[in-house]
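Peer 1: no FASTA, just this:
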């Protein structure tokens, strides 16, 4: 159990690699660049397309940041399930 706890603590402190950030950033640049290249007659549609692509990448970046350190942020894993399991084991 100590090894599992140490592994969980270690994984909770590990952060996202720079390679993942560079891939995410280059994907953002490529997608927005391709969306900007499409000629459209109405600029409103162009703005809507670019805005949707930017929002998609903003949500992906938020997800990566939120899951980067699952034990330290507001979307962290709470210990309630472990406490309930411990109570169930002690009752048996």
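Peer 2: Everything's here; your move. Model, not experiment: these values are computed from the prediction.

Peer 1: what sits against residue 64?
Peer 2: With contacts defined as CB atoms under 8 Å, 6 or more residues apart in numbering, residue 64 is in contact with 16, 20, 21, 24. Backbone N, C-alpha and C define where each C-beta goes, glycine included.

Peer 1: try residue 49
Peer 2: Residue 49 neighbours (CB under 8 Å, 6+ apart): 35, 38, 40.

Peer 1: if we can go back for a sec, now the contacts of residue 64 in a markdown table, with distance to residue 62, neighbour count and secondary structure?
Peer 2: What follows is those, written out as a markdown table (distance: CB to CB, whole Å; neighbours: other CB atoms under 10 Å; DSSP: H, G, I helix; E, B strand; the rest coil):
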| residue | distance to residue 62 | neighbour count | secondary structure |
| --- | --- | --- | --- |
| 16 | 13 | 13 | coil |
| 20 | 14 | 12 | helix |
| 21 | 14 | 14 | helix |
| 24 | 11 | 14 | helix |
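
Peer 1: between the residues you listed, which sits nearest residue 79?
Peer 2: Distances from residue 79 to the contacts of residue 64, taken as CB to CB, are shortest for residue 16 (23.3 Å).

Peer 1: and the strand or helix carrying residue 55, which residues are buried?
Peer 2: Residue 55 belongs to helix 43-68 when elements are defined using DSSP states H and E. For helix 43-68, the neighbour count (16 or more other CB atoms under 10 Å) marks 53, 57 as buried.

Peer 1: I'd like the mean pLDDT over that helix, please.
Peer 2: For helix 43-68, mean pLDDT is 85.

Peer 1: show me how far the helix or strand that it is followed by is from its chain's centre.
Peer 2: The helix or strand immediately downstream of helix 43-68 is helix 80-91, counting by DSSP H and E. Taking the mean of its C-alpha atoms, helix 80-91 sits 29 Å from the chain's own mean (CA atoms, centre = their mean, to the nearest Å).
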